[in-house]
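S.K.: Just need the structure, nothing else, for what follows:
(chains A and B)
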Number of protein chains: 2
Amino acid sequence: MRQSKLFTKTRREAPSDEQAKNAQLLIRAGYVHKEMAGVYSYLPLGLRTLNKIIDIIREEMNAIGGEELLLATLQDPEVWKKTNRWDDEVVDVWFKTKLKNGSELGLGNTHEEALTALMTEHISSYKDLPRYAYQFQNKFRNETRAKSGIMRTREFIMKDLYSFSKDSTQHVEFYEQAAAAYERIFARAGIGEKTYRTFASGGSFSKYSHEYQTVCDAGEDTIYIDEGTRTAINKEVYDDPDVYATTGIDKTKLVEAKAIEVGNIFTLGTRFSEPLGLSYKDTAGETKPVFMGSYGIGPGRLMGTIVEVLADEKGIVWPKEVAPFAVHLVSLGKPAGGSLTSRNSGSQTSSAGDEITSVADKLYEDLQKAGIEVLYDDRDLRAGEKFADSDLIGIPTRIVVGKDAVATGEFEVVDRATGTVEKKSHEELLKI
Amino acid sequence: MRQSKLFTKTRREAPSDEQAKNAQLLIRAGYVHKEMAGVYSYLPLGLRTLNKIIDIIREEMNAIGGEELLLATLQDPEVWKKTNRWDDEVVDVWFKTKLKNGSELGLGNTHEEALTALMTEHISSYKDLPRYAYQFQNKFRNETRAKSGIMRTREFIMKDLYSFSKDSTQHVEFYEQAAAAYERIFARAGIGEKTYRTFASGGSFSKYSHEYQTVCDAGEDTIYIDEGTRTAINKEVYDDPDVYATTGIDKTKLVEAKAIEVGNIFTLGTRFSEPLGLSYKDTAGETKPVFMGSYGIGPGRLMGTIVEVLADEKGIVWPKEVAPFAVHLVSLGKPAGGSLTSRNSGSQTSSAGDEITSVADKLYEDLQKAGIEVLYDDRDLRAGEKFADSDLIGIPTRIVVGKDAVATGEFEVVDRATGTVEKKSHEELLKI
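M.R.: Modelled structure (predicted):
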């Protein structure tokens, strides 16, 4: 798209109350807007990036048999009372509200209850198992502190998948498929090398769960890494001798690091199916509770993590698969028309634009025809401002169209991550 | 997808408390799940259909220059107090909630306030105008009554676009483009002929607004149609002589009808920009308030309306562009493997399946390779049950694979809307 049409502008300073690097950069570059502490809106560039991340996750969830649905935010207390999770003393992140008649409703902070209750209408026999259902849906959590930018917010989109299996054997088979899918997701999102499958507390459902933890100084968690096996131990179970017996990991080899939890996979067992009556008849006609698991990734948190881990002093650095555009085409020409008359150089623009603009326009069209997603900086600004904006926005490949390109037919191509500069012809660029 | 893998099942009866035809059919066919009065979840078939509708709307909004973003649900009271819309006496559909520290938040029922406040950071000059921003976002409205199925709910996705213009001249130009886009949307959604641009009350913002009303006995509104001009007058302004002076419509020619409001477009003027300080400097350097408009369509309500208007006694009838799948491939063979052993015929299945199944499997693969979206009924059920399910689910084209097809190489192709039956060869089917 033409940057002159993009309604967002970059800014030099983030809001003074914003402490997190991810939000500071994302706000300055025009990806997100801070509505209040812990609540962010996604602007056009931010929504494009978020959707790229969502698309990766969706592909990988579909590949392991996930069926996508969309549950409601408003939650019926009666369902949550059955699992003893309605009480604010038990679940301390509830946002609650009321119908006109005064009866209470909750805003979903997770969806085990709603989906388990729903599944009683569709699962009744061993023939109906296994099933895997997932969604990208807004969660609401009444966090006391919200200081990590878009990584810990009071409202956020979550990919939550739930598995429904006959027994723990059928469950484990899928659990490992989900684990492999998670590894593919984090690799595609550009943080695979920094992300470790991590043993963590299982809560009330099972002894251990697995988290995916990405090493980063801004992380809220502490993990202990065993580089050899690419696994880690969360601090919360670090002192539990059982975890070493279970994993075979040598405690003395572990290296401590700060990390961000970018995903988790949980064995739920029959914690929800029993109180909510989700059961099936097995081949012998016996009634058994369904065996469940849950699998979460927050695409917004993942986006924030990518910024934290990969950004440099100039701004954001997006990996290819999650970048809002593949190419940032920066024209150093004078744009056509009078409406963009320079406020910086004070020069007069002709209504036709100059030769640089014609060459850039043509390249923009041809790149789009070649199926390449391009942000085209056609604004009437000084080169220095355009390059600073481009570095801040962080699109992987920058193509510069200036006098030299017009004279030689060779365009400067800059790799945002490495700073490497190459020269390429119009034809070569279409194969980027 | 294979229907044997789809987790939803059809059911003979809708919940007894469900009065609306749209929800009765959508629940029976497995498109939606009723969580409570006025709150529905979208199951896989329903989400596919909803997303087809969303894709149509998105295409048309992008075509008129809309930039997509995603605002937050949680609303800061301070912003709404500036426009005097925080008070429950003024806006009677608020759901409100509280942070841990006791301060109140609202759940967004619309987003004029949030977006206008946000735009103050990006619009400052006439050069920044016009701008058009839209989203697909969940709204929450504390409706007293919720009896119209998915057409009037307490939580629903809304497409809301907001336009930001220099003045009313620039505004009107876009307003008419948006009106034309709305007509394309309703035509593509299969209800164009039954939908009328309708004069309605403008509320506090302007004298009139426009609604798009679809004629339907289940509608909550009454309109008066002028067939010649394809426009209508909403009952609320029917007795206002001004509306006839404005439109040139002859009141005596109008025909009364019940209708469903499927969209609306509003001139907001400076109702929000003034209190929220959204202004720009014009060419003379003078500060002026931005002139706004808003443009809404509820994709869920549109989906419900399509069901209400087009369904027949057998079930749902989807128009091509919104159907969850293009083709319902119904095999009358015995599926392979033992896990789907018939519960109806009592027959034994071989592990390889029969010849009908092989032919159907091959057709399924080839249709998918040809880029056609297929729901493949590979379940081990009697033909009558499969056809009844297929009619209920309402996919536009049904292809039947039975003994005859295997013998002759000609497949029965049934048009869901008309019931027309044709015979087509494997090769012809791939060009459907």
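S.K.: And the helices in the stretch 51-200 of chain A?
M.R.: Using DSSP state H, counting those that start in this stretch, the helices of the stretch 51-200 of chain A run over A:77-82, A:112-119, A:168-188.
S.K.: quick one: strands adjacent to the longest strand along chain A?
M.R.: If you go by DSSP state E, chain A has its longest strand at strand A:255-269. If you go by DSSP bridges, strand A:255-269 pairs up with strand A:208-215 (antiparallel), strand A:221-226 (antiparallel), strand A:291-297 (antiparallel).
S.K.: Which of the residues in that strand are classified as buried?
M.R.: A:257, A:259, A:260, A:261, A:262, A:263, A:264, A:265, A:266, A:267, A:268, A:269 (16 or more other C-beta atoms under 10 Å in any protein chain shown). No exception for glycine: its C-beta is placed from N, CA and C like everyone else's.
S.K.: quick one on the thing from earlier: want to throw the helices of the stretch 51-200 of chain A into CSV with mean pLDDT?
M.R.: Shown next, in CSV, are these (pLDDT from 0 to 100):
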stretch, mean pLDDT
helix A:77-82, 98
helix A:112-119, 98
helix A:168-188, 98
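S.K.: Could the C-alpha coordinates of the longest strand of chain A be exported in CSV?
M.R.: Extracted C-alpha coordinates of strand A:255-269, given in CSV (Å, rounded to 0.1, in the frame of the first residue of the first chain):
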residue,chain,number,x,y,z
VAL,A,255,21.9,-22.5,32.9
GLU,A,256,19.6,-19.9,34.3
ALA,A,257,17.8,-17.4,32.1
LYS,A,258,15.0,-14.9,32.0
ALA,A,259,12.3,-15.9,29.6
ILE,A,260,8.8,-15.1,28.2
GLU,A,261,6.2,-17.8,28.1
VAL,A,262,4.9,-17.8,24.5
GLY,A,263,2.8,-20.9,24.7
ASN,A,264,1.7,-23.8,27.0
ILE,A,265,0.3,-27.2,26.6
PHE,A,266,-1.6,-28.8,29.5
THR,A,267,-2.9,-32.3,30.3
LEU,A,268,-6.3,-31.7,31.8
GLY,A,269,-7.4,-35.3,32.2
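S.K.: Which elements pack onto the next helix or strand along the chain from it?
M.R.: Next along the chain after strand A:255-269, taking DSSP states H and E as the criterion, comes helix A:273-276. Helices and strands touching helix A:273-276, as assessed by 3 or more C-beta pairs under 8 Å, 6 or more residues apart in numbering or on different chains; DSSP states H and E, comprise helix A:77-82, helix A:112-119.
S.K.: could you say what helices and strands the longest one packs with?
M.R.: What it means is helix A:112-119. helix A:77-82, strand A:131-140, strand A:155-165, helix A:273-276, strand A:291-297.
S.K.: Those: which one's closest to residue A:393?
M.R.: Closest approach to residue A:393 among these (C-beta to C-beta): strand A:155-165, 21.9 Å.
S.K.: neighbouring strands for that closest one, and are they parallel or not?
M.R.: Going by DSSP bridges, the partners of strand A:155-165 are strand A:131-140 (antiparallel), strand A:291-297 (antiparallel).
S.K.: how about that strand as PDB, C-alpha atoms only?
M.R.: Only the C-alpha atoms of strand A:155-165 are listed here, as PDB (Å, rounded to 0.1, in the frame of the first residue of the first chain):
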ATOM      1  CA  GLU A 155      -7.800  -8.100  27.000                       C
ATOM      2  CA  PHE A 156      -6.000 -10.200  24.400                       C
ATOM      3  CA  ILE A 157      -6.600 -12.700  21.600                       C
ATOM      4  CA  MET A 158      -5.700 -16.200  22.500                       C
ATOM      5  CA  LYS A 159      -5.400 -19.300  20.300                       C
ATOM      6  CA  ASP A 160      -6.800 -22.000  22.600                       C
ATOM      7  CA  LEU A 161      -7.100 -25.500  21.400                       C
ATOM      8  CA  TYR A 162      -8.700 -28.300  23.400                       C
ATOM      9  CA  SER A 163      -8.300 -32.000  22.700                       C
ATOM     10  CA  PHE A 164     -10.900 -34.600  23.600                       C
ATOM     11  CA  SER A 165      -9.600 -38.200  23.700                       C
END
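S.K.: May I have the phi/psi pair for the most centrally placed residue in chain A?
M.R.: With distances taken as C-alpha atoms, centre = their mean, the residue of chain A nearest its centroid is residue A:299 (2.4 Å). The phi and psi values for residue A:299, taken as degrees, to the nearest 10, are phi -60, psi -30.
S.K.: Much appreciated, bye for now.
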